[in-house]
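Asker: pasting the structure only:
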């Protein structure tokens, strides 16, 4: 009886989160992952509510969103979902940047870096599929790009034919609301577990001392999240997201969401194949990064090359986003 | 160094493999996508006797899309500059530390 009571008392307590972590866990750069996770929670909540009002069919998708948007609350909810998704893309890129700057992919953290790459890809597919399922002109053009790019892959024609037809929106909706969340969960759990197992990556050139607790880190994450998502609440009210008319086939009048604009610019020069090749090159580069720059904790020449290459790629990507952002849309597709 | 050479060669092969690709047939006419039209394979078969109201609706929709796309440019510029500044800020903080300037 005493043993049973003792086991019950051993149950999980908030105090269990008071394990020691380094002091730099309280810095913004080391809270970016947590702040992104808070955003995911908000996306799940708003996504679930919106799913109750969504009709995932070719004829019904856009109309159901229009109905939802007739109510100010519905319009705000949709805007908040989209702006939060944009914020997550922004935060995840900053998280990636911090990891590259501090060389946190080196040594024993290599495996976690691979899970992080998986999560990065899942987030981008999330963002893309969310664009498609609203089935307005922007969504339809994105869907057509996806189909035609898929057809260029081995077995792509078979897969693309599965995605075509009246079930197109339903299949993208299931991907967005069921398959991707499950995949995210599968990658996120080991990602978080490995952070706990390996400990927070050290600050370069600093003596590592565990002088704060994980619960303090969580409080800091919440502290950073409140103003960030508070700003998202304001942006959603002030600048409601657009739902384009249509969709119309045979025309290309919109541009993809801002983060995909570097790909759009490459597509201008290389054609649709750029939509396959550029992401593949980026993913390969990210996978080989811990092997190329493997000396943990050292300010090596190799790490300087990695950082400068990253900054140059970011610079070019930003320039391409700005260029495509201010120029009129270009037609790429052989649309049906 | 071998890994670096391998990466460069792989990147070059992937880039050069796209040279043969070209676009075709950009002369198709716009058509509203519905449950029935999405399964049709002959997308260019547009009924020449379409109702005038449909044409008007299409033109109005196109004008709305053009205006929305134009307006979105402002946000794209702000987002891109915001991202550049944020990454620049992180680089300033953490690269300085890595170089031992702040410790």
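Answerer: Perfect, thanks for sending it. All figures in this text were calculated on a predicted structure; none of them were measured in a lab. Residues are numbered from 1 along each chain as shown, chains lettered A, B, ... in the order given.

Asker: what about the strands in chain B?
Answerer: Assignment of strands within chain B using DSSP state E yields the ranges B:31-32.

Asker: spatially central residue in chain A, please.
Answerer: Nearest to the geometric centre of chain A sits residue A:123, at 2.9 Å (C-alpha atoms, centre = their mean).

Asker: which ones are touching that residue?
Answerer: Counting by C-beta atoms under 8 Å, 6 or more residues apart in numbering or on different chains, residue A:123 touches A:88-89, A:92, A:184. Backbone N, C-alpha and C define where each C-beta goes, glycine included.

Asker: check which helix or strand it maps to.
Answerer: Using DSSP states H and E, the secondary-structure element containing residue A:123 is helix A:110-133.

Asker: other residues contacting stretch B:66-76?
Answerer: When contacts are defined by C-beta under 8 Å, 6+ apart, stretch B:66-76 is touched by residues A:239, A:242, A:244, A:253-255, A:258, A:261, A:321-322, A:324-326, A:328-329.

Asker: same thing but at 10 Å, please
Answerer: A:86, A:136-138, A:235, A:239, A:242-245, A:253-255, A:257-259, A:261, A:321-322, A:324-329 (C-beta atoms under 10 Å, 6 or more residues apart in numbering or on different chains).

Asker: now, the most widely separated pair of the contacts of residue A:123?
Answerer: Using C-beta to C-beta, those reach their maximum pairwise distance at A:89 and A:184, which is 14.2 Å.

Asker: so these two - more neighbours on which side?
Answerer: residue A:89 (23 against 19; other C-beta atoms under 10 Å in any protein chain shown).

Asker: confirm for me that that one is in contact with residue A:126.
Answerer: Yes - assessed by C-beta atoms under 10 Å, residue A:89 is found in contact with residue A:126 at 9.4 Å.

Asker: may I see the buried residues of the helix holding residue A:123?
Answerer: Residues of helix A:110-133 classed as buried: A:112-123, A:125-133 (neighbour count, 16 or more other C-beta atoms under 10 Å in any protein chain shown).

Asker: one more: stretch A:302-321?
Answerer: Using 16+ other C-beta under 10 Å as the burial criterion, the residues of stretch A:302-321 that qualify are A:303, A:306-307, A:310-311, A:314, A:317-318, A:320-321.

Asker: and the least confident of those residues?
Answerer: Sorting the buried residues of stretch A:302-321 by confidence puts residue A:303 at the bottom, with a pLDDT of 87.

Asker: can you give me the helices for the chain?
Answerer: Went with chain A since none was named. For chain A, the helices defined by DSSP state H cover A:2-9, A:32-51, A:61-70, A:72-102, A:110-133, A:137-150, A:156-163, A:168-174, A:180-198, A:214-238, A:261-270, A:274-292, A:301-326.

Asker: wait, I meant chain B there
Answerer: With DSSP H as the criterion, chain B has helices spanning B:2-16, B:52-98.

Asker: how about JSON lines for the ones you listed, with distance to residue A:142 and mean pLDDT added?
Answerer: Putting these into JSON lines (distance: least, C-beta to C-beta, whole Å; pLDDT from 0 to 100) gives the following:
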{"stretch": "helix B:2-16", "distance to residue A:142": "23", "mean pLDDT": "61"}
{"stretch": "helix B:52-98", "distance to residue A:142": "14", "mean pLDDT": "88"}
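
Asker: buried deepest among the ones you listed, which one?
Answerer: With neighbours defined by mean count of other C-beta atoms under 10 Å in any protein chain shown, none of the helices of chain B is more surrounded on average than helix B:52-98, at a mean of 15.

Asker: give me the angle between it and helix A:137-150.
Answerer: Relative orientation of helix B:52-98 with respect to helix A:137-150: 70 degrees, computed using axes from the mean of the first three to the mean of the last three C-alpha atoms, to 10 degrees.

Asker: quick one: helix B:52-98 to helix A:301-326, angle?
Answerer: Computed by the same axes, to 10 degrees, the angle separating helix B:52-98 from helix A:301-326 equals 160 degrees.

Asker: next, the angle from helix B:52-98 to helix A:214-238.
Answerer: In this structure, helix B:52-98 runs at an angle of 150 degrees to helix A:214-238, with the same axes, to 10 degrees as the basis.

Asker: and the closest residue to residue A:111 other than its chain neighbours, how close does it get to chain B?
Answerer: If you skip the residues right next to it in sequence, residue A:111 has residue A:194 as its closest partner in space, 6.4 Å away by C-beta to C-beta, 6 or more residues apart in numbering or on different chains. When distance is defined by C-beta to the nearest C-beta, to the nearest Å, residue A:194 is 21 Å away from chain B.

Asker: now do the contacts for residue A:118.
Answerer: Here residue A:118 is in contact with A:183-184, A:186-188, A:190-191, A:283 (C-beta under 10 Å, 6+ apart).

Asker: please disregard the earlier target; I meant residue A:261.
Answerer: Residue A:261 neighbours (C-beta under 10 Å, 6+ apart): A:255, A:317-318, A:320-325, B:76, B:79-80.

Asker: swap in 8 Å and give it another go.
Answerer: A:255, A:320-321, A:324-325, B:76.

Asker: pick out the most distant pair among the residues you listed.
Answerer: Pairwise distances across the contacts of residue A:261 (C-beta to C-beta) peak at 11.9 Å, for the pair A:255 and A:320.

Asker: got the confidence number for residue A:6?
Answerer: On pLDDT, residue A:6 comes in at 55.

Asker: ugh, wrong one, residue A:92
Answerer: On pLDDT, residue A:92 comes in at 96.

Asker: do you know how far it is from residue A:120?
Answerer: When C-beta to C-beta, to the nearest Å is applied, the distance between residue A:92 and residue A:120 equals 6 Å.
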